[in-house]
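Asker: Just to be clear, the model below is a prediction. Sequence and coordinates:
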Number of protein chains: 2
Amino acid sequence: MDNNLKLKTAEIEKISHLEYFNIAISVDCVIFCYNEKSLQVLLIKSDLEEYSGLYSLLGDLVKPDEDLDSAPYRVLKQRTGMDDVYLEQVHTFGSIGRHVSGRVITTAYYSLIDIKHHKLKLDENELHWHPVKNIKKLAFDHKIILDTCLQRLREQVMEFPIAFNLLPEKFSLRQLQELYEAILGIELDRRNFRKKIALKGWLHDLDEMETDVSHRPGKLYSLDPVHKKRKVIKKSKQPLVTILT
Amino acid sequence: MDNNLKLKTAEIEKISHLEYFNIAISVDCVIFCYNEKSLQVLLIKSDLEEYSGLYSLLGDLVKPDEDLDSAPYRVLKQRTGMDDVYLEQVHTFGSIGRHVSGRVITTAYYSLIDIKHHKLKLDENELHWHPVKNIKKLAFDHKIILDTCLQRLREQVMEFPIAFNLLPEKFSLRQLQELYEAILGIELDRRNFRKKIALKGWLHDLDEMETDVSHRPGKLYSLDPVHKKRKVIKKSKQPLVTILT
DNA sequence: TAATAAATATGTACTGAATACACATTATTT
DNA sequence: AAATAATGTGTATTCAGTACATATTTATTA
């Protein structure tokens, strides 16, 4: 570009769009919660005509002065008021035609939050929780993003103690099992599930009982303090090295 | 931005950088090969003063009219002349200060190629293969990118038949085992390795023998045709669903 | 040509996790 | 006080992961 022209704003815009930094970068958040025995995602009504009636994930453009990984935290803070959330980067989507209003490459994150801590009035913000199972179509390529994040969540949840971010501090084994069933989309055997979780050593026995149930109360547990890391957990994946000898 | 000013080129640039699409996006390729019993990576001498003497990964800015996932294929084709390569997206790096010349967010891919198919004259291009084990420092954040990709490769290699992309069409079990040892960085028991690979069902017995070895020749195998997918392999990860019942 | 060296090829016993499955216990409700 | 409904626990089986030793085949060398 070697022009020394006098340009009007619109023209400046056009040129900078097309020939300079002509690709915008955004983040999209797949915000999971667990409510009424189902895994749900926070969605917002799409504000674009092309997708009127459809919902989309929460996202925003990355700002020039913020780290990529900070952007989803900002989006979450703005939309839900929460800031101590579990977040994990999953994949970056960048097909040419994925966004109707221009070239936008987006990095997808998933987030796990306890809905009980979520005091936002949803209606005011046009934000809604939707059971993952019911979601058939979303704006843009957001359905694919959702599917990719759900798949990653399913992979991670058996290996790392992250599902606990979806539960309140204290929970029963039944709650935990129902959560896993909701995430994985399958039914689990109670005895084997307990054995498996016990083997992981993730649980801390609180010596307390459920109080609000209308049947025999179960024991309450919390995530063992050793494993309490709410932020991004680095994968060390020992199993792979010990797989063969 | 609501200016209708007369601007000189430099100013136009400045404004468009800072307030419009002010973040560039690139891809970086961690190109692995296997040679002389070691896992190696293709590097190029950094062309920036700040990093003179250091090597960096191969990368380029994503073009406005190409898919994000196409960019690393283009880079590979340009640099190595190869186009039927295994490529996988790993992670996107976007710290504010990661690139000295400005704000650049980069998506990292790793690639597996058979060095025998690689006819490029390396010296002319300042491209060099470096054993992964010897690499201590790279330009930018490329050492972290390399480590992240290597970790991902190690995770994938036990689960999916992708390591074969690093070998010639026909190979012996010894070669395969040495490759796995190079990737994982550990020694493996020969009998257990064979059992494990046999269990995966990845191998096709060619009923041929090694010819160029100065000892008892081993049988030659190829990747079983059923598993022959050189491009990105979609993860289906059944194990997770069958993990509990 | 016979003996040696070096690599290939293979099998078994042990341990531990994954799975399938049944009964006793406890609190609530009627 | 009896019935209900959920919690809590154990055992047998299968299969993969691991540790480990000997026979076989080819090339080399004496």
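Answerer: Yep, that arrived.
Asker: Tell me, how many residues neighbour residue A:164?
Answerer: Residue A:164 is flanked by 24 other residues according to other C-beta atoms under 10 Å in any protein chain shown. C-beta: built from backbone N, CA, C; applies to glycine.
Asker: meant to ask about residue A:36, not that
Answerer: 9.
Asker: Repeat that for residue A:88.
Answerer: 22.
Asker: That one: helix or strand, and which one exactly?
Answerer: strand A:86-93 (DSSP states H and E).
Asker: other SSEs contacting that strand?
Answerer: helix A:71-80, strand A:104-112, helix A:142-157, strand B:86-93 (3 or more C-beta pairs under 8 Å, 6 or more residues apart in numbering or on different chains; DSSP states H and E).
Asker: Just say which of the ones you listed is most tucked in.
Answerer: Highest mean neighbour count among these (mean count of other C-beta atoms under 10 Å in any protein chain shown): strand A:104-112, with a mean of 25.
Asker: in its sheet, what does that one sit against?
Answerer: Applying DSSP bridges to the sheet, strand A:104-112 is found paired with strand A:24-35 (parallel), strand A:86-93 (antiparallel).
Asker: Run the chain-centre distance for the shortest one.
Answerer: Taking C-alpha atoms, centre = their mean, to the nearest Å, the mean C-alpha location of strand A:86-93 is offset from the chain mean by 8 Å.
Asker: Chain A - how does it break down into domains?
Answerer: As assigned by automatic domain parsing, chain A contains the domains A:7-157, A:168-245.
Asker: which stretch in these has the least confidence?
Answerer: Mean pLDDT is lowest for domain A:168-245 among the domains of chain A, at a mean of 82.
Asker: ok, back up a step: which one of the helices and strands packed on strand A:86-93 lies closest to DNA strand D?
Answerer: helix A:142-157 (16.9 Å; C-beta to the nearest atom of the strand).
Asker: and the closest residue to residue A:100 other than its chain neighbours, how many residues sit next to it?
Answerer: Distances taken as C-beta to C-beta, 6 or more residues apart in numbering or on different chains place residue A:50 nearest to residue A:100, at 4.8 Å, with adjacent residues excluded. Residue A:50: 10 surrounding residues under other C-beta under 10 Å.
Asker: Please tell me how far residue A:50 sits from residue A:43.
Answerer: According to C-beta to C-beta, to the nearest Å, residue A:50 and residue A:43 sit 17 Å apart.
Asker: Repeat that for residue A:62.
Answerer: Where residue A:43 is concerned, residue A:62 sits at a distance of 21 Å (C-beta to C-beta).
Asker: So those two - more neighbours on which side?
Answerer: Remark: of residue A:62 and residue A:43, residue A:62 carries more neighbours, 26 against 23, as counted by other C-beta under 10 Å.
Asker: How about stretch A:182-191 and DNA strand C, any contact?
Answerer: Yes. Using C-beta under 7 Å from any atom of the strand, stretch A:182-191 reaches DNA strand C at A:189, A:190, A:191.
Asker: List the contacts of residue A:76.
Answerer: Shown in contact with residue A:76 (C-beta atoms under 8 Å, 6 or more residues apart in numbering or on different chains): A:29, A:31, A:58, A:82, A:83, A:85, A:87, A:111, A:113.
Asker: which of those residues are buried?
Answerer: A:29, A:31, A:58, A:82, A:85, A:87, A:111, A:113 (16 or more other C-beta atoms under 10 Å in any protein chain shown).
Asker: with those in mind, which one is nearest to chain B?
Answerer: Using C-beta to the nearest C-beta, residue A:87 comes nearest to chain B of the buried ones among the contacts of residue A:76, at 13.7 Å.
Asker: residues contacting the closest one?
Answerer: With the criterion set at C-beta under 8 Å, 6+ apart, residue A:87 makes contact with A:29, A:69, A:72, A:73, A:76, A:109, A:110, A:111, A:231, A:232.
Asker: Kindly recompute the last result at 7 Å.
Answerer: Residues in contact with residue A:87 (C-beta atoms under 7 Å, 6 or more residues apart in numbering or on different chains) are A:72, A:73, A:109, A:111, A:232.
Asker: so what's it bridging to?
Answerer: residue A:111.
Asker: where's it relative to residue A:30, distance?
Answerer: In terms of C-beta to C-beta, residue A:87 sits 10 Å off from residue A:30.
Asker: which residues do these two both contact?
Answerer: residue A:111.
Asker: Show me what residue A:42 bridges to in the sheet.
Answerer: Taking DSSP bridges as the rule, residue A:42 bridges to residue A:129.
Asker: how many neighbours does it have?
Answerer: 26.
Asker: What separation do you get for it and residue A:214?
Answerer: Taking C-beta to C-beta, one finds residue A:42 at 30 Å from residue A:214.
Asker: picking up where we left off before, ok, so of the contacts of residue A:76, who is nearest DNA strand D?
Answerer: Using C-beta to the nearest atom of the strand, the contacts of residue A:76 come closest to DNA strand D at residue A:113, 23.9 Å.
Asker: where exactly do the helices run in chain A?
Answerer: In chain A, the helices defined using DSSP state H lie at A:9-19, A:71-80, A:142-157, A:173-184, A:190-200, A:238-242.
Asker: any idea of the angle the second one forms with strand A:104-112?
Answerer: With axes from the mean of the first three to the mean of the last three C-alpha atoms, to 10 degrees applied, the angle from helix A:71-80 to strand A:104-112 works out at 70 degrees.
Asker: just to revisit the earlier point, my read: the residue nearest to residue A:100 touches residue A:99, true?
Answerer: No. Look at residue A:50 against residue A:99 with C-beta atoms under 7 Å: they stay out of range, at 10.0 Å.
Asker: Apart from its neighbours in sequence, what residue is nearest residue A:172?
Answerer: Closest residue to residue A:172 apart from its sequence neighbours, by C-beta to C-beta, 6+ apart: residue A:218 at 4.0 Å.
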